[in-house]
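*Asks:* Make a model of this:
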Amino acid sequence: MGGISVNGSDWRGFVRRHWGAVAIFVVACAAAFAWAVYVFWWFTGHAQSTGLVPSGLGAWTMGNLVNFIIYSILWELLLVGIPAGLGALAAWMWWRRLPNEERQGYHWGRGKRSASGGGAGFLFFIAFAIKVYVDGNWNAPISTFTLNYVVGSMITILEWCAVIFGIPVAIALAWWISREMKRP
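*Replies:* Numbers count the residues shown, from 1 in each chain. I've put the predicted structure just below:
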């Protein structure tokens, strides 16, 4: 993740000179967060009243869960993402209108980057959804899944990953070893 690099720049002076724009930015960020929470709350209520998902969590199926996630993402993008993107575009245009001399000392996105977990959890969820679909349990309530079924599914998914990723890795490793053995 990038950030604001504070070393060697005068952010305090920048904030003092442009306090109005900074205040608008802070208020806009807080409003966008509050709006995102409200949109999710609104969507959750309407998803139940329209029959997209059952109101009792015990009656949810994998199909309900996937539909809920997809529709909530789409509503959040439509009602929060687009206005936030337009706000970010306006902030960027304001930033670009500042004189070069003033912008030159400030560094955006050059802060410390950290390694994150990546998308392994999301890919595992997708694999679990595929496993539930293949087993024919797509429309079965999730509350009916036994612990043995969930653990067995996880082991099966790990086996799938071992085959999907292990075979290419084994081929690449064998190729690399045979290539290294031929070197003098």
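*Asks:* who's in contact with I157?
*Replies:* If you count contacts by Cβ atoms under 8 Å, 6 or more residues apart in numbering, I157 has them with F124, A127, F128, K131. Where you see a C-beta, it was placed from the backbone N, CA and C, and this is true even at glycine.
*Asks:* what about the residue nearest the centre of the chain, distance to A127?
*Replies:* The centroid of the chain falls nearest to G119 when counting by Cα atoms, centre = their mean (8.1 Å). G119 is 12 Å from A127, where distance means Cβ to Cβ, to the nearest Å.
*Asks:* can I see the domain layout of this structure?
*Replies:* 1-112, 115-184 (automatic domain parsing).
*Asks:* any chance you could map the helices in this structure?
*Replies:* Assigned by DSSP state H, the helices in the chain fall at 11-17, 19-49, 62-76, 82-97, 100-103, 120-134, 147-182.
*Asks:* so what secondary structure elements neighbour the fourth one?
*Replies:* For helix 82-97, the packing partners by 3 or more Cβ pairs under 8 Å, 6 or more residues apart in numbering; DSSP states H and E come out as helix 19-49.
*Asks:* so what secondary structure elements neighbour the helix it packs on?
*Replies:* Contacts defined by 3+ Cβ pairs under 8 Å, 6+ apart place helix 19-49 against helix 62-76, helix 82-97.
*Asks:* Please render these as JSON lines that adds mean pLDDT to the earlier fields.
*Replies:* Shown next, in JSON lines, are the helices and strands packed on helix 19-49 (pLDDT from 0 to 100):
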{"stretch": "helix 62-76", "mean pLDDT": "94"}
{"stretch": "helix 82-97", "mean pLDDT": "94"}
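*Asks:* so which of the ones you listed is the most packed in?
*Replies:* Greatest average neighbour count among these goes to helix 62-76 (a mean of 15), per mean count of other Cβ atoms under 10 Å.
*Asks:* Show me what it is packed up against.
*Replies:* By 3+ Cβ pairs under 8 Å, 6+ apart, helix 62-76 packs against helix 19-49, helix 120-134.
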